[in-house]
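>>> build me a model from this:
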Amino acid sequence: MAERSLLADFLRVRRESLQPEQVGLVREGNRRVRGLRREEIARLADISPDYYLRLEQGRNHLPSEQVLAALSRALRLDEDERAYFHRVARVQSGAAAVEALPPRVTEASARVLEQWVHTPAYITDRHHDLLALNGPAALMTPGLTVGTNVMLDVFAHEHSAASPEDWAVTAQRMVSALRFHAAPGHPRLTELVGRLSVESRAFRRMWAKHDVRPLSSSISVVPVEPFGLVEFRSQTLEIVGEGGQFITTYFADPGSRSASAIRHLVAGAPSRDTQFVVPRSDSDDRTASAS
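Residues are numbered from 1 along each chain as shown. So this is what the prediction gives:
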């Protein structure tokens, strides 16, 4: 999707999701429009209706910082949504370059996983491509190997998930994070969205919502033999200075069934079994295992 269309679509979806009461307007008894009218958003942002119309139609791709800030307030965007909105606008205007190369995990980051021998953990990039995982994480998610895409794996199990409700929550979380973290216009983003749009109606619905949320803490339900379905808490943190890489760890309350499952995974994982994509040149694509 072109960045110009991306910004226009975001404006339209956000406008249609707002109700008059949310912005201090009175709802007329015969009102039938979905969400707010364009002229109502323009008035709230103190810009002309024609200017806003051009933005929503993708005919004006250079909104100023002042206009972006005014529209953020008018659309009641939260902090995460504002960050995404401004990033899309910068790429659209040419002020921010599209990331040219996919990141590769550094050995330093991979060594961190080796030290966390009692914690399932893995590293992904901004597109959910798996860059590294330690032994306990490999046992926890046997279908995932370095180089695969975690989100593609989630949607591959859309119709076989043990809990459809838990699957839907996980899938939406990953779609929202992809929108927030991925670089607009990046070829990998275009590839993933194109593939999943063809393969999954659920993805098309989630993507069309334009929901944006960074990776953070969450609850994951994972099958672990012989425990069956186990609920784990996870925390995802961005690795500073690594160009959009994220480390996710799984943990549980002491004495809980989930904690027992983690101990079981740790006991079954070979010592220092960490797989990672090593630093490389463009012509040197290698996967290593530190063991």
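>>> in this protein, which strand is the longest?
Identified as the longest strand of the chain according to DSSP state E is strand 228-239.
>>> other residues contacting it?
Residues from elsewhere that reach strand 228-239, judged by C-beta atoms under 8 Å, 6 or more residues apart in numbering: 109, 120, 123, 162-163, 214-224, 244-252, 257-258, 261-262. Yep, even glycine has a C-beta here, placed from its N, CA and C like the rest.
>>> now do the SS call for residue 34.
Reduced to three states with DSSP: H, G, I helix; E, B strand; the rest coil, the structure at residue 34 is coil.
>>> could you report the neighbour count for it?
Other residues lying near residue 34 total 11 when counted by other C-beta atoms under 10 Å.
>>> and what of residue 77?
Residues near residue 77, counting by other C-beta under 10 Å: 20.
>>> ok, residue 110 next?
The burial count for residue 110: 22, using other C-beta under 10 Å.
>>> these two touch, right, it and residue 132?
Yes: taking C-beta atoms under 8 Å as the definition, residue 110 is a contact partner of residue 132 at 5.0 Å.
>>> now the lengthiest helix in the chain against strand 228-239, angle please.
Counting residues, the longest helix in the chain under DSSP state H turns out to be helix 164-181. Following axes from the mean of the first three to the mean of the last three C-alpha atoms, to 10 degrees, one obtains 10 degrees for the angle between helix 164-181 and strand 228-239.
>>> what are the buried residues along helix 164-181?
For helix 164-181, the neighbour count (16 or more other C-beta atoms under 10 Å) marks 166-167, 170-181 as buried.
>>> okay, these in CSV with distance to residue 53 next?
CSV is the format used below for these (distance: C-beta to C-beta, whole Å):
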residue, distance to residue 53
166, 42
167, 39
170, 38
171, 34
172, 31
173, 34
174, 34
175, 29
176, 28
177, 31
178, 29
179, 24
180, 27
181, 30
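>>> those residues: which two are farthest apart?
Greatest spatial distance in the buried residues of helix 164-181: 166 and 181, 22.3 Å, computed using C-beta to C-beta.
>>> nearest to residue 66 among the buried residues of helix 164-181?
Lowest distance from residue 66 to those (C-beta to C-beta) belongs to residue 180, with 23.7 Å.
>>> pretty sure the closest one is touching residue 210, no?
No: using C-beta under 8 Å as the test, residue 180 is too far from residue 210 to be in contact (10.7 Å).
>>> buried residues in stretch 250-260, which are they?
250-252, 258.
>>> does residue 193 touch residue 207 like I think?
Yes: between residue 193 and residue 207 there is a contact at 6.5 Å, judged by C-beta under 8 Å.
>>> so where's the chain shaky on pLDDT?
Low-confidence segments of the chain (pLDDT under 70): 1-4, 61, 94-103, 242, 269-291.
>>> and the strands in the chain, which stretches?
Counting by DSSP E, the strands of the chain are 121-125, 130-133, 217-224, 228-239, 245-251, 274-277, 287-290.
>>> so who does residue 119 touch?
134, 136, 249-251, 262 are the contacts of residue 119 under C-beta under 8 Å, 6+ apart.
>>> could those go into TSV alongside distance to residue 144?
Converted to TSV, the contacts of residue 119 look like this (distance: C-beta to C-beta, whole Å):
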residue	distance to residue 144
134	12
136	13
249	15
250	13
251	19
262	17
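>>> ok, residue 198 - how many residues close by?
Neighbours of residue 198 (other C-beta under 10 Å): 9.
>>> against residue 156, how distant is it?
Separation of residue 198 from residue 156 (C-beta to C-beta, to the nearest Å) stands at 13 Å.
>>> and if you look at residue 237?
26 Å.
>>> who's more crowded, those two?
Set residue 237 next to residue 156 and count neighbours by other C-beta under 10 Å: residue 156 wins out with 15 against 12.
>>> centroid-nearest residue for this structure?
Against the mean C-alpha coordinate of the chain, by C-alpha atoms, centre = their mean, the closest residue is residue 177 at 1.5 Å.
>>> okay, and the common contacts of residue 180 and residue 210?
Counting by C-beta under 8 Å, 6+ apart, nothing touches both residue 180 and residue 210.
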